[in-house]
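Peer 1: I'd like to go over a predicted model; first the sequence, then the structure.
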Amino acid sequence: MEDLANQKCEACQPGAPLVTPKQMEILKPMIPQWKVVVVEEINQLHREFEFEDFKNALDFANKVGEVAETEFHHPSILVEWGKVKVCWWTHKIGGLHRTDFIMAAKTDRLFKESA
């Protein structure tokens, strides 16, 4: 399977399929540091990234935002001193789509590049 971070996101429309449990078994190991968290009955991918200061955390958050805008798939991003929490899920379908795993992998790649 092609590296997730190199794949393009597909536009999700209402009614697009959620990731099945079988697909989750395949996709989740590709982004091992992400956690599947249920928030208000919606599966989401969550990860916290650590930095040495606020400026580096903010720079990273801005890079995530740029990729999100390019792919037209937008996460929840929380920036604090020395850390950034990123949460991916597909709002239109109320859960996880393959696109969320692709974006999580792209976020991981940005983090590696910023280190």
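Peer 2: Looks like it came in fine.

Peer 1: Tell me where the chain has helices.
Peer 2: Along the chain, the stretches classed as helices by DSSP state H are 21-27, 54-71, 98-114.

Peer 1: so which of the ones you listed comes closest to residue 38?
Peer 2: Residue 38 lies closest to helix 21-27 among those, at 12.9 Å (CB to CB). C-beta coordinates here come from the backbone N, C-alpha and C atoms, glycine included.

Peer 1: Looking at the helices of the chain, which one is packed in the most?
Peer 2: helix 98-114 (a mean of 20; mean count of other CB atoms under 10 Å).

Peer 1: Endpoints of stretch 43-63, how far apart?
Peer 2: 24 Å (CA to CA, to the nearest Å).

Peer 1: what distance separates it from the centre of its chain?
Peer 2: What separates the centre of stretch 43-63 from the centre of its chain is 11 Å, taken as CA atoms, centre = their mean, to the nearest Å.

Peer 1: any chance of the helices of the chain in CSV, with mean pLDDT and distance to residue 42 too?
Peer 2: Below are the helices of the chain laid out as CSV (pLDDT from 0 to 100; distance: least, CB to CB, whole Å):
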stretch, mean pLDDT, distance to residue 42
helix 21-27, 95, 14
helix 54-71, 96, 18
helix 98-114, 95, 11
